[in-house]
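Colleague: Quick check, what structure comes out for this input:
(chains A, B and C)
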Amino acid sequence: MMTPPPRFSGDLAHLPTHAFGHRSLTWWGIIGFMVIEGTFFALTIAAYFYLMSQEQSWPPPPFLPPNLIAGTLFTLLMLVSEIPNTMIKKAAEAGELRKVRVLLLIMTAIGLALLVIRGFEFNSLNIKWYDNAYGSIIWALLVLHTTHILTDWGDTAVLAMLMHTRHGIEARRFIDVSENALYWRFVWLVWLPIYFLIYWLTRLA
Amino acid sequence: MTDLDPDLARDGPELTGEELHRRLTLAWRRPAGLYGWLSSTDHKEIGKRYIVTAFGFLLLAGVLGLVMRAQLARPESGLISADRYNQIFTMHGTTMMFLFAVPVMEAVAIYVIPLMLGTRNTAFTRLNAFSYWMYLFGGIMLWVAFALNVGPDAGWFAYTPLSGPEFSPGKRVDIWAQMITFTEVSGLAAAVVMATTILKQRAPGMTLAKMPLFAWSMLVVALMIIFALPAVALDSGMLISDRLVGTHFFNPYERGDALLWQHLFWFFGHPEVYIIFLPATGFISEMVATFSRRPVFAYPAVVMSLIATGLLAFGLWVHHMFATGLPRLGYAFYTAASMTVAIPTGIQIFCWIATIWLGRPVYRVPMLWVLGFIITFVIGGLTGVMLASVPLDLQLHDTYFVVAHFHYVLIGGAVFPLLGATTYWFSKFTGRLMSEAWGKVAFALVFCGFHLTFFPMHITGMLGMPRRVYTYPAGMGWDTLNLISSIGAVILAAGFATFVVNALVSMRHGRVAGANPWSAPGLEWATTSPPPVYNFPHIPAVASRTPLWDEGEDLPVMTGLRVDEREHLTTTVIEAIPSVREPSPHPSLWPLMSAIAIGVTFVASIFTPWALVVGLVPSAIALLIWFWPKNSTVPPEPTIE
Amino acid sequence: MKRLALLVALLAPLFALTGCHGQQAVLGGGGRDEALFGGLWQVFLIVTIVFYLVVLAGLTWAVLRRREGGEPVVRTTFYVWVGVISLTLIGLSIASWLVDRTMNRAPYTGLTVEITGHQWWWDVRYISPGHPDQTLRTSNELHLPVGVPVQVILKSADVIHSFWIPNLSGKQDLIPGRNNDIVVTPTKVGIYRSQCAEYCGLQHAHMAFDVTVEPLSTFQQWWGDGLLPARVPATPEQKAGYAYVTTRECATCHNITGTPATGQVAPDLTHFASRATIGAGTFPMNRGHLYAWLADPQQAKPGNKMPVIGLEPDQLHAVAAYLESLK
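Modeller: Have a look, this model is predicted:
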């Protein structure tokens, strides 16, 4: 026990108990996770180029590049989804519960649609993961990205449920919604180079 | 501004001393009994668990090392079969690198860093707990497999195609690869916890420029882990995929490449050794300052060296691949980069010696470990400079010369500081001091045993003895040297045993330590030994790098945190200005349950890929319950703008 | 003080290194690049020892010093230190690079050997460009003419191995799916030992071969002899052995030129008895070990790809007699 009385030099009581953006710990956790997953993607892309550099043509004959339709449809829907995504981030930061509830349901529906389209993508790659290393790396990129769509969709669905309960009014839940929107941006941003690598570089090389 | 609710209890001049201690304990303690132990989110408890588990793996892997030395003591010994030996050396390396060296550094950090920074707990306390359980389960899986003769046998580095489906049939290598997944998840979780804690939870006034050097080293290491571990996780994921579902990443006959494995592995592997070494340099900095009774010389230079090492470490990996036939111009670059990384290390060594020279050193046991570290590690660093040269490496690569080199840098450079740090912070962990006399005995045995074991290996390597051989022919000139190494190993083991016994006995019968038995400067010494469950009754504020030396008993503290709800303070990243009163999560069983669900999924997926789909369900449920907000018994605070 | 004494005692063996040599040693061997390597090694050794002694001296002084203060001196020394280690490392990098360049400028005079690594033996083919009928196939041994640069092409049939004749040159990996190569120029006549230097599985420890460096004329004689078909069995016992070897299990895997045994997946046995070792450097070539190998190859080198045949005693004698005749 400290016998001399403590020397008080400042007071913390007026500090808020929650904050948005980089003042919240959750934000740092999300950023950390994005950097980790981003590194994962960067390394997988590096492996893609490494394997490609050993081939004269890509895909190696007699395989055809993946079908454009499903992948392009997916990309368009992902880009469009940023509109409700931005709206939901703003609404969460303004504490607008009703708007957040509706938008979360919209995002959940979009996520489901994307997963369905992704299923079609897998089916139209014109190569299987066990055919050769080109097939393996294409599938690896797509599977990695799909796990992100899947987990973020799960998060969004859970948040949609949560915001409809009495926990919805808590300030911290709005922070969760805002961070989830931030992570969704990461998920479609990281998709763009992968889309290019799977669907376009295979036609240009 | 809304007026503060007068009914909410906060610490301050009205609430201090005994009454504050009682109420903070009530708010921060965990339930008693097994349930409480399993659901603890207290970083001190998690840290102690981690340390004990890591030391457990050190001893297990050390015994394997002894067995290897028993086999190699004589040429053409029939003591251990080829198959068993190959499992043993794989398990020795794998356990030491993945289950001891990195986790033990994280472990000490998890315990010490929040105290050193003046905060009540880490960030993401449940993620911290989860990290431990994943680590434990991964280690258990590996060792149970080994006990069942299904231990991995392709080396700790598992080069393809040897580790691929064609040449390593069965489940051995799958066990290894999945253990990587466990430890990768664990390590990355701990890194996020550590980086966030260091950036956002420092005491008011502890700017980045005033942060202790151990905290700096852990910050750099946390960032390194975030960038390096995904490489080995991706690599092992690709390997499991090749082995289980027929992909061809590493199969040269289907347009894959055996060397892809090596590039990804060493992209992780080289930073890995600095992930192990940099925390040890943090230990050394703390101990040198305390026992020289002055701050480390040229603090900015040491910080720059830590950052430079962390960055450079990512540009060296090809020096593990000099014999693979890659373009020579590339090799020249990696030689230069590998030499360059010696500069920041050389700077740190200078600063520590300068601190001792300028200070008034006292040679307690931790300081002996510091001296042992300098004497030993520098040899390893210098043989590393030799190995950076391509012509020299092409002879010495994959010989016992390399075995000597890395044991000098890992044992000299990481284990010696660790043993010193354990002695140093032992009183903080347990409230008692380790025996000085037995500490000196342990040091002498370990130091002498180490050199006797590993120095001859430089020579055996130069005489042509390759690595990873379960036996060797007589008459090569290797016999006597190997015997000397084996004798040295026994002495080394005796030294470790002495250290462990000293620790165990001192926990009960050691001299009772006060808050600051070493008269050290850091915040961790400003609270009792061991600390109360809430760490500090009031959050301390600092104005210098050595607060206890400058403020002494009169450490300034802040008031205003709630005492009936778990609350800690977050501050701004660079200037450490108080920012938010962040709630800290309550104890929860769900990190453990999630680790079990995910762990079972990982283990089952070795046998069938469908396990991933099936296992997703319980894992998702466990995670959901973990993150679902709890009903609070205390009314939430009205929002203050 | 006792620490210093310990140190000197520990350092002493280092000086012994400059003189150590052996059958598989890195220094003191018989390769063209030996002088270059030895020189580079000495430079690095001396520089690193000097730096180590400087660090130890600094540490000793720091430990013994009783006075206080002296920051300005330390600061100056710091800058000198950083400058010195930087310049030294630059120098060492350049020295290393120059040696590497020189070592890789080997002129190629047309002798090519193709080595394919297997778990756990070496398949060796001597190529004479333009003369495919002159290709000599052997296993687990290498003969090299002194003074002639040899291009060794390195392939692998299974996992990564590493080709390393310490007395003659540095190592190079044999990687499936890649063709690596290394040029070796032996300069001293003698017998050297080589051992696989990349962990390749169960019997990595027993994957070695002998290297005989001899005058060019002797080498050419050896090559010519090697091209001859296997010796015809003379004694009844050898004939019985011949009958067994060429009609039973052995022929499935092994090749003996000039006989019906044309298996390609195991070491070539045409001139088996003229080799120095059995089982890729595992045992010396003598009757006792040959019997042991034939009776139970799994006991001799557990896990190797040769199964236990289960020879009856008279078959064992016959096969051994025949194999011993294959000089």
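Colleague: outside of stretch A:96-115, which residues touch it?
Modeller: Stretch A:96-115 has contacts (Cβ atoms under 8 Å, 6 or more residues apart in numbering or on different chains) with A:74, A:77-78, A:81, A:84-85, A:87-88, A:91-92, A:146, A:149-150, A:152-153, A:156-157, A:159-160, A:163-164, A:168-169, A:174, A:177, A:184. From N, CA and C alone the C-beta is placed, and that goes for glycine too.
Colleague: do the same with stretch B:215-223
Modeller: Against stretch B:215-223 from outside (Cβ under 8 Å, 6+ apart): B:105, B:109, B:113, B:116-117, B:191-192, B:194-195, B:198-199, B:202, B:211, B:274-275, B:278-279, B:281-282, B:285, B:302-303, B:306-307, B:309-310.
Colleague: Could you check which helix or strand contains the closest residue to chain A within the stretch 201-327 of chain C?
Modeller: Ranked by Cβ to the nearest Cβ, the top residue of the stretch 201-327 of chain C for proximity to chain A is C:G201, at 23.2 Å. Using DSSP states H and E, C:G201 maps to neither a helix nor a strand.
Colleague: Look up phi and psi at it.
Modeller: C:G201 adopts backbone torsions of phi 120, psi -160, taken as degrees, to the nearest 10.
Colleague: ok, the nearest residue to it once chain neighbours are set aside - how many residues close by?
Modeller: If the residues on either side of it in the chain are set aside, C:G201 comes closest to C:Q119, at 5.3 Å by Cβ to Cβ, 6 or more residues apart in numbering or on different chains. Burial of C:Q119 is recorded as 21 neighbouring residues (other Cβ atoms under 10 Å in any protein chain shown).
Colleague: Thought C:K305 was touching C:Q119, still the case?
Modeller: Yes: the criterion here is Cβ atoms under 8 Å, and C:Q119 meets it with C:K305 at 6.8 Å.
Colleague: sorry, back to before: what's around the residue of the stretch 201-327 of chain C closest to chain A, how many residues?
Modeller: 21.
Colleague: I'd assumed B:E166 was in contact with it.
Modeller: No: C:G201 lies out of contact with B:E166 (Cβ under 8 Å); the separation is 11.3 Å.
Colleague: on that earlier part again, quick check: pLDDT value at the residue of the stretch 201-327 of chain C closest to chain A.
Modeller: pLDDT recorded at C:G201 is 95.
Colleague: what's the distance between B:V52 and B:E524?
Modeller: 19 Å (Cβ to Cβ, to the nearest Å).
Colleague: how close does the residue of the stretch 201-327 of chain C closest to chain A get to C:I160?
Modeller: Distance of C:G201 to C:I160, given as Cβ to Cβ: 10 Å.
Colleague: Check B:W610 too.
Modeller: Taking Cβ to Cβ, one finds B:W610 at 33 Å from C:I160.
Colleague: now do B:A129
Modeller: Taking Cβ to Cβ as the measure, B:A129 and C:I160 are separated by 41 Å.
Colleague: again, but for B:T290
Modeller: Taking Cβ to Cβ, one finds B:T290 at 48 Å from C:I160.
Colleague: same thing with C:W293?
Modeller: Computed as Cβ to Cβ, the C:W293 to C:I160 distance reads 27 Å.
Colleague: can you check A:L125 too?
Modeller: From A:L125 over to C:I160 the distance is 31 Å, taken as Cβ to Cβ.
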